[in-house]
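just a sequence and a predicted model for now, questions to come.
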Amino acid sequence: MLDPRISYEGLLSDCDNDRSAISLLNLFKDRLHAHYLANYAKGSSAASTPTQTAPSISSGSPQKVDFTARYKKARMFVDELEEYFKLPPESFDRCDPIQWWASRHAQFPNLSRLARDILSIPGVCFSTNSFVGLLLNVYPGSAVAVERIFSGGRDTISLHRASLKPETIRTLMLVKQRLRLAREAIQDILGD
């Protein structure tokens, strides 16, 4: 739903008239909305119901009243997810979802954080031309590469090496992956 090339309307049109698929899609939309409101929308509960504040009286003088209190406007809550669902879909060939959300950060500051968190999961929506995708051999819809990385991490971080710093582990994992890719490239060249 957070892929601007598809969004909710695209998924809904794929359901045709299948009532069970439509109800399942709406259930997921509601769960996404609840997750967004609970974890990403700033001021969703307090700002959505503005309260009227009475002018405050200073304790120093009983006649001093804060006259600016009535001019201070409460920030209105904007449901960024609903605003996003109103947008038309982007071109599938020309739009990279990660870059799209990065460029819309000013328009959707909270929702872009949620989209970044979801879309950056390898195998869910990954640009095949990105450096990380090529480095880790991750392809859209594939969880095999992620499993391979976790297995390789288990080999790298044994009981004797459990106190390695995170940066050292990251470097070791990257070097190990690059060596594996180089070994495969040499085997392809030699024709083995």
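That came in fine, so what should we check first?

and the next helix or strand past the one helix or strand Leu24 maps to?
According to DSSP states H and E, Leu24 maps onto helix 19-39. Downstream of helix 19-39, the next assigned helix or strand under DSSP H and E is helix 80-85.

name the next helix or strand downstream of that following helix, please.
Where DSSP H and E defines the elements, the next helix or strand beyond helix 80-85 is helix 97-103.

give me the mean pLDDT for that next one.
Here helix 97-103 scores 91 as its mean pLDDT.

check which helices and strands the next helix or strand after it sits against.
Downstream of helix 97-103, the first helix or strand assigned by DSSP H and E is helix 109-119. Secondary-structure packing of helix 109-119 (3 or more CB pairs under 8 Å, 6 or more residues apart in numbering; DSSP states H and E): helix 19-39, helix 80-85, helix 97-103. Yep, even glycine has a C-beta here, placed from its N, CA and C like the rest.

need the ones you listed in a markdown table (columns: mean neighbour count).
Output for the helices and strands packed on helix 109-119, formatted as a markdown table (neighbours: other CB atoms under 10 Å):
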| stretch | mean neighbour count |
| --- | --- |
| helix 19-39 | 13 |
| helix 80-85 | 17 |
| helix 97-103 | 16 |
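
in this protein, where is pLDDT below threshold?
Flagging of the chain using pLDDT under 70 yields the residue ranges 43-67, 69-75, 122-150, 152-153, 192.

for it, longest helix please?
helix 166-190 (DSSP state H).

report the buried residues of that one.
Across helix 166-190, burial judged by 16 or more other CB atoms under 10 Å covers 172-173, 177.

how near is Gly10 to Pro109?
Applying CB to CB, to the nearest Å, the value for Gly10 to Pro109 is 24 Å.

looking at the helices and strands packed on helix 109-119, spot the one closest to Gln187.
Using CB to CB as the measure, helix 97-103 is the one of the helices and strands packed on helix 109-119 that comes nearest Gln187, at 32.3 Å.

so which elements touch the closest one?
Helices and strands touching helix 97-103, as assessed by 3+ CB pairs under 8 Å, 6+ apart, comprise helix 109-119.

could you chop this protein up by domain?
Here the domain parsing of the chain from automatic domain parsing is 1-50+71-120, 122-192.
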